[in-house]
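Trainee: coords please:
(chains A and B)
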Amino acid sequence: EADIYQTPRYLVIGTGKKITLECSQTMGHDKMYWYQQDPGMELHLIHYSYGVNSTEKGDLSSESTVSRIRTEHFPLTLESARPSHTSQYLCASSPTSGEANEQFFGPGTRLTVL
Amino acid sequence: KQEVTQIPAALSVPEGENLVLNCSFTDSAIYNLQWFRQDPGKGLTSLLLIQSSQREQTSGRLNASLDKSSGRSTLYIAASQPGDSATYLCAPWGSYIPTFGRGTSLIVHP
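Mentor: Residues are numbered from 1 along each chain as shown, chains lettered A, B, ... in the order given. Reported below is the predicted structural model:
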């Protein structure tokens, strides 16, 4: 079973600040994902990566950026936080194993921008 | 574009009932389908993964079926317990990206 860690778990920050949400996994999974989820709403894919130095934007337009320099690490950065960025951010990973795609999630980061 | 619908959106039942949660999807060209559970304010926990060549998968009191041709999956929960209270999401997988429904919010009261 995959272990995925997200830090911080909760963050309250003022408008205009730069923030980085951390995500790490210990299972060597090639694929990693970032989702945004508002309370009671569906998950929206904002970024994903197939492997080191590979990043793609998801369906939901986002002002955030990501990097994938190491297999285990997939941080998400907001250069200038705004109240509209208030949401829960979920990181996930999955192995590259043919048809048996299976996704594992971290505990999430609850972001509040004042 | 894949669209996923989960019915019912919410469900409240007494403890001990057998439950059926429904998931439908518009594009049947999927690799597999995953069912998740999400507790309030938490991440998602994988419950079951059904590969496209399978018709069902079982884990304890949970049984999930998949009918690719009709674009449907069903999660069956036997003998429900208060600890089963959570939101249940299904996610059919296209290439390397799953698509999520809004989920079924389940409350099991004692």
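
Trainee: which residues touch the closest residue to chain B within chain A?
Mentor: Proximity of chain A to chain B (CB to the nearest CB) peaks at A:Phe105, 4.0 Å away. Where you see a C-beta, it was placed from the backbone N, CA and C, and this is true even at glycine. Counting by CB atoms under 8 Å, 6 or more residues apart in numbering or on different chains, A:Phe105 makes contact with A:Ile4, A:Leu90, A:Cys91, A:Ala92, B:Phe36, B:Gly43, B:Leu44, B:Thr45, B:Ser46.

Trainee: the first one is in contact with A:Gln103, isn't it?
Mentor: Think A:Ile4. No - applying CB atoms under 8 Å, one finds A:Ile4 not in contact with A:Gln103, separated by 10.0 Å.

Trainee: residue numbers of chain B in contact with chain A?
Mentor: B:31-32, B:34, B:36, B:41-46, B:49, B:51-53, B:89, B:91, B:93, B:96-98, B:100-103 (CB under 8 Å from any CB of the partner chain).

Trainee: if you set the cut-off to 6 Å instead, what comes out?
Mentor: Taking CB under 6 Å from any CB of the partner chain as the contact definition, chain B meets chain A at B:Tyr31, B:Gly43, B:Leu44, B:Leu49, B:Gln51, B:Trp93, B:Tyr96, B:Phe100, B:Arg102.

Trainee: among those, show me the least confident.
Mentor: pLDDT is lowest at B:Tyr96 among the residues of chain B next to chain A; the value there is 76.

Trainee: ok, that residue - how many residues close by?
Mentor: Other residues near B:Tyr96 come to 16 when the count uses other CB atoms under 10 Å in any protein chain shown.

Trainee: got a list of what the spatially closest residue to it that is not a sequence neighbour touches?
Mentor: Nearest residue to B:Tyr96 in three dimensions, chain neighbours excluded: A:Lys31, at 5.9 Å (CB to CB, 6 or more residues apart in numbering or on different chains). A:Lys31 sits next to A:Tyr50, A:Ser94, B:Tyr96 when contact means CB atoms under 6 Å, 6 or more residues apart in numbering or on different chains.
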